[in-house]
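Novice: What shape does this take:
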Amino acid sequence: MSEIKVTGQKRLVLVSGRAHPQLAIDIATELGSELVHTDARTFANGEIYARYDESVRGCDAFVIQSHTNPINEWLMEQLIMVDALKRASAKRITVVAPFYPYARQDKKGRGREPISARLMADLFRAAGADRIMSVDLHAAQIQGFFDGPVDHLFAMPVLLDHFATLDASTLTVVSPDMGRVRVADIWSQKLDAPLAIIHKRRDPHVHNEVEVREIVGEVKGRTCLIVDDMIDTGRTIAKAAEALKQQGATRVIVAATHAIFSGPAVGLLQSDFIDSVVVTDTLPIPEDKRFDSLTILPIAPLIARAIHAVFNDGSVTSMFDGAA
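Specialist: All right, here's what the predicted structure looks like:
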């Protein structure tokens, strides 16, 4: 029998689902790597199949998938891809979900409700994931739902770079609701600008509907920068922008990480109350959902840096200077 040689070299494998292939390509390019081709297909009855075209035995695998509509199909595809890697003897499997699925269902607001964000973590673990990487979780507590390391990345540095040229003397950072105050407060410190908070009321029986009650903070004659983690239907942002303009704000700029853009979002975001919208490409934004006042910033460099740090057993936290 020949002597066994121990090389000690790890092998990086990047694979992607079909939801947002361009993001995966951009991440691979940033890493100077290539995606391992996946034979992924959907059968006539809706079942999903996935197989890798080369050996992944002993590799450090990163499964990239953006959970856009139809979210349940892309979630199932990622779970199946993780399962295929586990059964093909990958050494470590990291789920890269830039937009964490079901993140808004992170607690029980009323009786007999699910905690679906926890269910997602359990599904990833059961499929064979060792680690999860995501960007701007809707609630930080989701990190505790997964029984393993969770790399919580923050898009704030990417967005802050874009807004570095704003005049801080006339700028006010606005939290669209009480739940985002902590993040907005960090923005206000970074931009050296005061903070305003919008108090809103949401009917628990009616989804995606919101009523603005009052604005706490000085916004008259100022440029207001609304910061949020996601824009879904756009109703919350549109109501907030309208309230700010009615209180005398001269400009309203919206900054968000995840551009879900469901239903009426594109029309609402082009209202006279909103001057510009800045998002990242954690989710695919098709041409019919793009408009003149929309700016899309690339998130691939941030995710690539995090993947590089994890692969080389480096620190992901140090990427954010302890800022979030």
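
Novice: quick one: the strands in the stretch 151-300 of the chain?
Specialist: 171-175, 195-201, 211-216, 223-231, 251-259, 276-280, 294-297 (DSSP state E, counting those that start in this stretch).

Novice: gap between the fourth one and the chain center?
Specialist: Pointing back at strand 223-231 there. Strand 223-231 has its C-alpha centroid displaced from the chain centroid by 15 Å (C-alpha atoms, centre = their mean, to the nearest Å).

Novice: where does this structure have low pLDDT?
Specialist: 1-8, 201-212, 321-324 (pLDDT under 70).

Novice: same thing but at 80, please
Specialist: 1-8, 200-213, 321-324 (pLDDT under 80).

Novice: thinking again about what came up before, of the strands of the stretch 151-300 of the chain, which is nearest Ala304?
Specialist: strand 276-280 (13.6 Å; C-beta to C-beta). (Glycine included, C-beta is placed from N, CA and C.)

Novice: Return the set of buried residues in stretch 108-118.
Specialist: In terms of neighbour count (16 or more other C-beta atoms under 10 Å), stretch 108-118 has its buried residues at Ala117, Arg118.

Novice: can you check stretch 39-52 too?
Specialist: Of the residues in stretch 39-52, Ala40, Ile48, Ala50, Tyr52 count as buried by neighbour count, 16+ other C-beta under 10 Å.

Novice: The strands of the stretch 151-300 of the chain into JSON lines, with extra columns for mean neighbour count and distance to His162?
Specialist: Below are the strands of the stretch 151-300 of the chain laid out as JSON lines (neighbours: other C-beta atoms under 10 Å; distance: least, C-beta to C-beta, whole Å):
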{"stretch": "strand 171-175", "mean neighbour count": "25", "distance to His162": "14"}
{"stretch": "strand 195-201", "mean neighbour count": "18", "distance to His162": "19"}
{"stretch": "strand 211-216", "mean neighbour count": "14", "distance to His162": "25"}
{"stretch": "strand 223-231", "mean neighbour count": "24", "distance to His162": "11"}
{"stretch": "strand 251-259", "mean neighbour count": "25", "distance to His162": "8"}
{"stretch": "strand 276-280", "mean neighbour count": "23", "distance to His162": "6"}
{"stretch": "strand 294-297", "mean neighbour count": "15", "distance to His162": "6"}
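
Novice: Contacts made by stretch 30-50 with the rest, please.
Specialist: The contact list for stretch 30-50 (C-beta atoms under 8 Å, 6 or more residues apart in numbering) reads 12-18, 24-25, 28, 51-54, 56, 73, 76-77, 80-81, 84, 300-301, 304-305, 307-308.

Novice: distance between that stretch and the chain's centre?
Specialist: Remark: stretch 30-50 is offset 21 Å from the chain centroid, using C-alpha atoms, centre = their mean.

Novice: My guess is Val64 contacts Gly17. True?
Specialist: Not quite, residue 64 is Ile, not Val. Yes. Counting by C-beta atoms under 8 Å, Gly17 is a contact partner of Ile64 at 7.0 Å.
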